[in-house]
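In: sharing a model prediction with you, sequence too.
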Amino acid sequence: MDPAGGCPHADNARLLAEGAVASVVLPGEVAGMAVLGHDALKEFLAHPDVAKGAEHFTALRDGEIPDGWPLKTFATVQGMTTADDANHRRLRSLVSKAFTARRVEELRPRIETVTAQLLDGLDEAARAGDGVADLRTHFALPLPMGVICELLGVDAEHQDRLHHLSNQVVSTSIGPEEAVAANRELVAVLGTVAATRMQSPGDDLTSALIAAREEDGDRLSQHELIGTLLLMIIAGHETTLNLITNAVRALCAHRDQLELVQSGKASWSDVVEETLRWDSPVSFFPFRYPTRDLTLDGTVIPKGTPVLAGYSAAGRDKAAHGPDADRFDITRSGGARHLSLGHGPHYCLGSPLARMEATIALERLFTRFPELDLAIAEPDLRRHASFVGNSVQELPVRPRA
């Protein structure tokens, strides 16, 4: 895997031509595998003999993974993404009340208000910048970051630093010393957030998690509290940030599709789902481990192997999506089938919120600026320095023609 990331789709197509499951070399010469095909990935994500707990990672258990390995946090953080069975259900139940359909719908007015304010800011930034502004900085980032931090009770003073540290944690190209420092600082910042909420509880998820721990000391450990906050911060804004950014890029490159939704022949929800399929916000997500030698689509994945879930590859798998899988089409027959929000027990808990945020953001953005377009050519956009996140680092746009 190229630790520098880049656009994954050409490499994905080459790998898919060879099969639905591929052997890969992770940073640090660690042997792993990736599941790329849609049907194989769907089976793998829900397979009863596939685990998330790091105790099943053979090389890590045997002491072969050094501190500072850029992907170590994905394996060792204590939270929902590294828990199985009853432990996973316990942790998930503590958070799930914040993401019920009713609770998410209650957030709609706030999301709409923040969206309108950010669009004013985007317009001002463009006027100050000869008509050009970075859509990620002024719109796609602060919307989901603000919402998830409000849900968690994170003070605004921490938000910029948390985004920077989140970026480093999901990067696959930083060195060992940087990785260790980023993880330590992120844990320290989240520890400060937890301490603040412990002293001054509020109507937020962090306060609720702390209260649950105090009611029953065995229910949520300090490491699990910090791990849950870390997961919520990263998953709660990085993926939606990439989703909004990728959808804007797709619509700017496919003006005929934009015309369809602007004329009412398709919905903004159609745009969101097709973007999730066509250009998944997450390319390869670490890790899952077979608890026995597992044969998937004719390929054996040895017990204890760290396996990447290849969401961006599965989204363009022609075996599942037809010969035109590479085409961005919001009117795709039968709708956009995809696995970009997961499948099985670990299906994305925040998917209703992510969908709402992206739908509102895109509708309001292109209603306010119907002629919005990229300020530089797509090939010149700098990609994420990671094979985990799938997007660009900046998105300069001209909101007005």
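Out: Looks like it came in fine. Numbering: from 1, shown residues only.
In: make it CA atoms for all contacts and neighbour counts henceforth
Out: Will do.
In: buried ones in the helix or strand harbouring Val261?
Out: According to DSSP states H and E, Val261 maps onto helix 255-262. Residues of helix 255-262 classed as buried: Gln257, Leu258, Val261, Gln262 (neighbour count, 16 or more other C-alpha atoms under 10 Å).
In: give me the mean pLDDT for it.
Out: Confidence for helix 255-262, expressed as mean pLDDT, is 97.
In: right, and Met33 touches Lys303 too?
Out: No - assessed by C-alpha atoms under 8 Å, Met33 is found out of contact with Lys303, at 11.4 Å.
In: measure how the next helix or strand after the helix holding Val261 sits relative to helix 255-262, angle-wise.
Out: Scanning forward in sequence from helix 255-262 by DSSP H and E, the next helix or strand is helix 268-278. Orientation check (axes from the mean of the first three to the mean of the last three C-alpha atoms, to 10 degrees): helix 268-278 against helix 255-262 gives 140 degrees.
In: quick check: chain neighbours aside, which residue is closest to Phe343?
Out: Not Phe; residue 343 is His. Leu45 (5.9 Å; C-alpha to C-alpha, 6 or more residues apart in numbering).
In: show me what contacts that neighbour?
Out: By C-alpha atoms under 8 Å, 6 or more residues apart in numbering, the contact set of Leu45 is Gly342, His343, Gly344.
In: of these, which is the most crowded?
Out: Tallying neighbours with other C-alpha atoms under 10 Å puts Gly342 at the head of the contacts of Leu45, with 18 neighbours.
In: what's the closest non-adjacent residue to Ala125?
Out: Ala133 (5.6 Å).
In: what of Trp278?
Out: Nearest one to Trp278, counting by C-alpha to C-alpha, 6+ apart, is Gly315 at 5.6 Å.
In: angle of the one helix or strand Thr239 maps to against helix 268-278?
Out: Here Thr239, judged by DSSP H and E, is contained in helix 222-253. Taking the same axes, to 10 degrees, one finds helix 222-253 and helix 268-278 inclined to each other by 110 degrees.
In: buried residues in helix 222-253?
Out: Quick answer for helix 222-253 (16+ other C-alpha under 10 Å): 224-253.
In: what ranges does the stretch 1-150 of the chain have for its strands?
Out: Applying DSSP state E, counting those that start in this stretch to the stretch 1-150 of the chain gives strands spanning 21-26, 30-35, 50-51, 133-134.
In: the stretch 301-401 of the chain too?
Out: Going by DSSP E, counting those that start in this stretch, the stretch 301-401 of the chain shows strands at 307-310, 373-374, 396-398.
In: tell me the most buried of the ones you listed?
Out: Ranked by mean neighbour count, the strands of the stretch 301-401 of the chain are led by strand 307-310 with a mean of 27 (mean count of other C-alpha atoms under 10 Å).
In: and that strand, average pLDDT?
Out: 98.
In: equivalent analysis for stretch 233-249, please.
Out: Mean predicted lDDT for stretch 233-249 stands at 92.
In: chain center to that stretch, what's the gap?
Out: 7 Å (C-alpha atoms, centre = their mean, to the nearest Å).
In: so what touches it?
Out: Contacts of stretch 233-249 (C-alpha under 8 Å, 6+ apart): 135-136, 140-141, 144-145, 148-149, 162-163, 166, 271-272, 275-276, 279-282, 350, 354, 357-358, 361-362, 374, 378, 389-392, 395.
In: I'd like to know how many residues surround the spatially closest residue to Met356 that is not a sequence neighbour.
Out: Once flanking residues are discounted, Met356 sits nearest to Arg108: 7.7 Å by C-alpha to C-alpha, 6+ apart. Neighbour count for Arg108, taken as other C-alpha under 10 Å: 15.
In: next one: the one 4 residues further on
Out: Using other C-alpha under 10 Å, Glu112 has 16 neighbouring residues.
In: so how far is Pro352 from it?
Out: 15 Å (C-alpha to C-alpha, to the nearest Å).
In: do you know how far Leu395 is from Asp373?
Out: Distance, Leu395 to Asp373, by C-alpha to C-alpha: 10 Å.
In: what does Ser340 give?
Out: 26 Å.
In: same check, this time on Asp2
Out: From Asp2 over to Asp373 (counting by C-alpha to C-alpha), the distance is 30 Å.
In: what does Cys7 give?
Out: Taking C-alpha to C-alpha, one finds Cys7 at 20 Å from Asp373.
In: try Glu259
Out: Using C-alpha to C-alpha, which is the criterion applied here, Glu259 is 13 Å from Asp373.
In: and if you look at Gly175?
Out: Distance, Gly175 to Asp373, by C-alpha to C-alpha: 36 Å.
In: what of Pro8?
Out: In terms of C-alpha to C-alpha, Pro8 sits 23 Å off from Asp373.
In: over to His88?
Out: From His88 to Asp373 the distance is 43 Å (C-alpha to C-alpha).
In: point out where the chain drops to low pLDDT.
Out: Applying pLDDT under 70 to the chain flags residues 213-218, 334-336.
In: picking up where we left off before, hmm, Arg400 and the residue nearest to Ala125 touching each other?
Out: No - the pair Ala133 / Arg400 is not scored as a contact, 10.7 Å apart, by C-alpha under 8 Å.
In: more crowded one of these two?
Out: Neighbours were counted for Ala133 and for Arg400 using other C-alpha under 10 Å; Ala133 has more, 26 against 15.
In: identify the bridge partners of that one.
Out: Val397 (DSSP bridges).
In: quick one, what contacts the nearest residue to Leu365 once chain neighbours are set aside?
Out: In space, and not counting its chain neighbours, Leu365 is closest to Leu119: 7.0 Å by C-alpha to C-alpha, 6+ apart. Residues in contact with Leu119 (C-alpha under 8 Å, 6+ apart) are Phe139, Leu365, Arg368.
In: quick one: Leu119 from Trp69, how far?
Out: 39 Å.
In: what's the spacing between Arg364 and Ala358?
Out: Distance from Arg364 to Ala358, counting by C-alpha to C-alpha: 10 Å.
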